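Colleague: Whatever this is, show me its structure:
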Amino acid sequence: MHLLSADCLGSLFLLLPTFFGQVSGLETVMGLYDQTLEIPCNKGAVKAEDALITKWKYDKGDGLSGDLLVRKKTESVSINTTDEYKGRINMAANSSLLLSALKLSDQRTFTCMVVVGLDIDEYPVNVVVYKAPAGVEVSDKAQELAIGKLTKLATCITKDANPAANITWLKNNKPLVDGGKGVSIRASVQVDPVSGLSSTSSTLEYSATKEDTDARFSCSAQHIVGKELASSALTFTITYSTENIVLQVIAPEPLVEGDNVTLKCMADGNPAPTSFNFHVKGDVIPVKNMDTYTLTHVSRDDTGEYQCSLIDNSAMMASKDVTVNYLDIKLSPTGSVVKPAGEALELSFQINSSGQSKVSWTKDNVKLDKEPTFTELKYSDSGRYESDVKMGALSKKVFFDLVVEGAPVIKQLSKQRSEDGQHKVLICEAEGSPKPSVSWSINGTLLEESPFLNGKVTHKITVVPTINLTVSCTVSNEFGEDTWTIDVSSLFEEVRVDKRDESEDVDQTKLVVGVVVGLFIATVVIGLAYGICQKKSKQGSWKTGEKENGSSDEERKLEEKVEENSQKAEV
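Modeller: Residues are numbered from 1 along each chain as shown. Sure thing, here's the model as predicted:
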């Protein structure tokens, strides 16, 4: 058995036809193993019917030749051989040699000798036999590949070929080259001593990386005849030590007191680690065949750094900070708060939280601009006060119900006429708590009572006074009472004045006009008489030597008379 390189052997057979053609000028024909080959005689230069004798012989080596068969012009083919070609040869009508069941031993020179007239010509033909490989097999497959270590991956074998087939290794359908990064390929060829057929084997050594975890390896065989043959895909378990470790915290968001927290340790080794050490508040807790550890009902004291590591390699460690959020609110006073009016109420409001918080206040669901303060309580301060504190997604509320109590006080007592003018409306406005009751010193009809809001109540009644009255409003509750009075005139007199007969008004108007006209005329007459007297008086003074302005007594009496008449006219 001889061992040759597959590449060299394949190239040798490929070059055989060219070599023979260049050296000896021989014609070369190629046949397929175990098939029938027709070997032509003189390429048809001499017609079979023109040949007197046609004879085929072959080169036995060592300068010897062997006869195969002969055909004379008037006779049939005569087979002369008794060796390996017996029963495998015949001559075609065109003088070609028909050789069946080709073997590798048939790779030799066959000569056609033709006698035409007195000429004898020989036509040697070289025969080459090809055989495609039977298939591709993979053996010695590795169980796993270690990262960074050159490891025998598998051996690819293709058998019974001539010439020997070439083998190519592929990763993810891309050829691998011997001497490439992490690649070593060793190929060899074995020749069967009986059949002469060649078997090619190729062994791949490979240094894997993490990226090869899902890689698909295969081999293929190429031959001068037939189609390319390929093996099935091979996958391998890639083993490597842990290079990275991560601690994951699985918890609600936000994490608050009372929640559960699960610590999950993840490593990238293959096979992956299944047991870990969890470092919890100074304690090392080993967990086997699990990658998680759970903290239940955490509190603010559980805030801090947590770690996990490999049991067999404590240097491989990961850590994570865990923050347990909390929000505490303390309000004093709370619940129902009852205070007297006029006093102060001191609020104590404290926040204890794990982060920045935001506070808002409402009174009876109405937002306040700031935290309420009470230096002197008023009835209007009564209501529900609620504080809403938020810290991220956390929120808490506290509240107190304030009731300001005290004796009622009347703030205003007023009166007005109804729109139809038929009644008087009395209005009593008061403050106090609990709600004061309202009573009047006169019977009336309740017109309206406002809702008791912020310690205030308004009470309205309608009355029909027939005489002038003094009416009192009294408000009272368990803490005291208050009374105010108001004068109310008779509605009857007002109605009589307002509703008197129109004819009477006309007569009275006429009477007044007559009096006024009469007084006016009387005044004019008196004025004229006064002027004449003044004139006479002045004339007499020139004679008697009296004052120029006349008698002051007379003037005064005249003025009084005029004033008296004027007053009568006004009446």
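Colleague: Can you give the contact residues for stretch 327-334?
Modeller: For stretch 327-334, the external contacting residues (CB atoms under 8 Å, 6 or more residues apart in numbering) are 347-354, 357, 387, 389, 391, 394-396, 398-400. For the C-beta atoms, the positions are set from N, CA and C on the backbone; glycine is no exception.
Colleague: ok, now with 7 Å
Modeller: Residues from elsewhere that reach stretch 327-334 (CB atoms under 7 Å, 6 or more residues apart in numbering): 348-353, 357, 387, 389, 391, 394, 396, 398, 400.
Colleague: try stretch 128-137
Modeller: 16-17, 28, 30-33, 102-104, 106-107, 156-162, 165, 197, 219-221, 223-226, 229-231.
Colleague: Would you show me how to pick out the buried ones of those residues in PyMOL?
Modeller: Remark: buried members of those, expressed as a PyMOL selection using 16 or more other CB atoms under 10 Å:
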select buried, resi 16+17+28+30+31+33+102+103+104+106+107+156+157+158+159+160+161+162+165+197+219+220+221+223+224+229+231
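Colleague: Among the contacts of stretch 128-137, which are located in strands?
Modeller: Per DSSP state E, strands hold the following members of the contacts of stretch 128-137: 28, 30-32, 156-161, 219-221, 229-230.
Colleague: for the residues you listed, which one is nearest residue 94?
Modeller: Residue 94 lies nearest to residue 31 out of the ones in strands among the contacts of stretch 128-137, by CB to CB, at 17.5 Å.
Colleague: Not counting sequence-adjacent ones, nearest residue to the closest one?
Modeller: Sequence neighbours aside, residue 37 is the residue nearest to residue 31 in space, at 3.4 Å (criterion: CB to CB, 6 or more residues apart in numbering).
Colleague: Now do the one you found against residue 129, distance only.
Modeller: 8 Å (CB to CB, to the nearest Å).
Colleague: Equivalent analysis for residue 317, please.
Modeller: Taking CB to CB, one finds residue 317 at 69 Å from residue 129.
Colleague: between those two, who's got more neighbours?
Modeller: Taking neighbours as other CB atoms under 10 Å, residue 317 and residue 129 compare with residue 129 leading, 23 against 16.
Colleague: where's the more buried one, which helix or strand?
Modeller: Using DSSP states H and E, residue 129 maps to strand 119-130.
Colleague: who does that strand pair up with?
Modeller: Applying DSSP bridges to the sheet, strand 119-130 is found paired with strand 27-32 (parallel), strand 109-116 (antiparallel).
Colleague: By residue count, tell me the biggest strand in the chain.
Modeller: strand 394-417.
Colleague: Could you list every helix and strand in contact with that strand?
Modeller: strand 327-332, strand 335-340, strand 383-391, strand 424-433, strand 469-477, strand 480-488 (3 or more CB pairs under 7 Å, 6 or more residues apart in numbering; DSSP states H and E).
Colleague: Report the central residue of this structure.
Modeller: residue 253 (15.0 Å; CA atoms, centre = their mean).
Colleague: does that one sit in a helix, a strand or a coil?
Modeller: coil (DSSP: H, G, I helix; E, B strand; the rest coil).
Colleague: Please tell me how far the residue nearest to it when sequence neighbours are not counted sits from residue 299.
Modeller: Excluding its sequence neighbours, the residue lying closest to residue 253 (CB to CB, 6+ apart) is residue 393, at 7.4 Å. As judged by CB to CB, residue 393 and residue 299 stand 19 Å apart.
Colleague: more crowded one of these two?
Modeller: When residue 393 is set against residue 299 and neighbours are counted by other CB under 10 Å, the residue ahead is residue 299, at 13 against 10.
Colleague: My read is that that one contacts residue 257, right?
Modeller: Yes. Using CB atoms under 7 Å, residue 299 makes contact with residue 257 at a distance of 5.1 Å.
Colleague: Need the residues touching each of those two.
Modeller: Joint contacts of residue 299 and residue 257 (CB under 7 Å, 6+ apart) are residue 324.
Colleague: if I look at the residue nearest to residue 253, how far off is residue 127?
Modeller: Residue 393 is 90 Å from residue 127, by CB to CB.
Colleague: same deal with residue 249?
Modeller: Separation of residue 249 from residue 127 (CB to CB) stands at 80 Å.
Colleague: got it, and residue 413?
Modeller: 143 Å.
Colleague: Equivalent analysis for residue 464, please.
Modeller: For residue 464 relative to residue 127 (CB to CB), the value is 149 Å.
Colleague: Have a look at the two and say which one is more surrounded.
Modeller: More neighbours surround residue 127 than the other of residue 464 and residue 127, with 19 against 14 (other CB under 10 Å).
Colleague: The more buried one contacts residue 29, correct?
Modeller: Yes. Contact criterion CB under 7 Å: residue 127 and residue 29 qualify, at 5.9 Å.
Colleague: residues shared between the contacts of those two?
Modeller: Common neighbours of residue 127 and residue 29 (CB under 7 Å, 6+ apart) are 37, 39.
Colleague: what's the burial count for residue 279?
Modeller: Should you count by other CB under 10 Å, residue 279 turns out to have 20 residues around it.
Colleague: Identify the bridge partners of it.
Modeller: What pairs with residue 279, by the bridge criterion (DSSP bridges), is residue 284, residue 307.
Colleague: if I read this right, the residue nearest to residue 31 contacts residue 107, doesn't it?
Modeller: No. Here residue 37 does not reach residue 107: they are 10.9 Å apart, not a contact under CB under 7 Å.
Colleague: Return the members of the contacts of stretch 327-334 classed as buried.
Modeller: Buried among the contacts of stretch 327-334 by 16+ other CB under 10 Å: 353, 357, 387, 389, 391, 394, 400.
Colleague: between those residues, which is closest to residue 63?
Modeller: residue 394 (108.1 Å).
Colleague: ok, now which ones touch the closest one?
Modeller: Contacts of residue 394 (CB under 7 Å, 6+ apart): 254, 256, 325, 327.
Colleague: need those residues in CSV with pLDDT and distance to residue 303, can you?
Modeller: Shown next, in CSV, are those (pLDDT from 0 to 100; distance: CB to CB, whole Å):
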residue, pLDDT, distance to residue 303
254, 87, 12
256, 92, 11
325, 92, 9
327, 92, 14
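Colleague: got those residues as TSV, with neighbour count and distance to residue 191 columns?
Modeller: Formatted as TSV, the contacts of residue 394 follow (neighbours: other CB atoms under 10 Å; distance: CB to CB, whole Å):
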residue	neighbour count	distance to residue 191
254	17	78
256	18	81
325	19	80
327	20	87
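Colleague: What strand or helix carries residue 447?
Modeller: Going by DSSP H and E, residue 447 is in strand 445-449.
Colleague: quick one: average confidence on that strand?
Modeller: Mean pLDDT, strand 445-449: 86.
Colleague: now what about that strand, what contacts it?
Modeller: Taking CB under 7 Å, 6+ apart as the rule, strand 445-449 contacts 425, 457, 459, 460, 461, 462.
Colleague: what about 10 Å?
Modeller: Residues from elsewhere that reach strand 445-449, judged by CB atoms under 10 Å, 6 or more residues apart in numbering: 418, 423, 425-427, 438, 440, 457-464.
Colleague: And the pLDDT at the closest residue to residue 162 other than its chain neighbours?
Modeller: Spatially, and ignoring its direct neighbours in sequence, residue 162 is nearest to residue 131 (4.3 Å; CB to CB, 6+ apart). Residue 131 carries a pLDDT value of 93.
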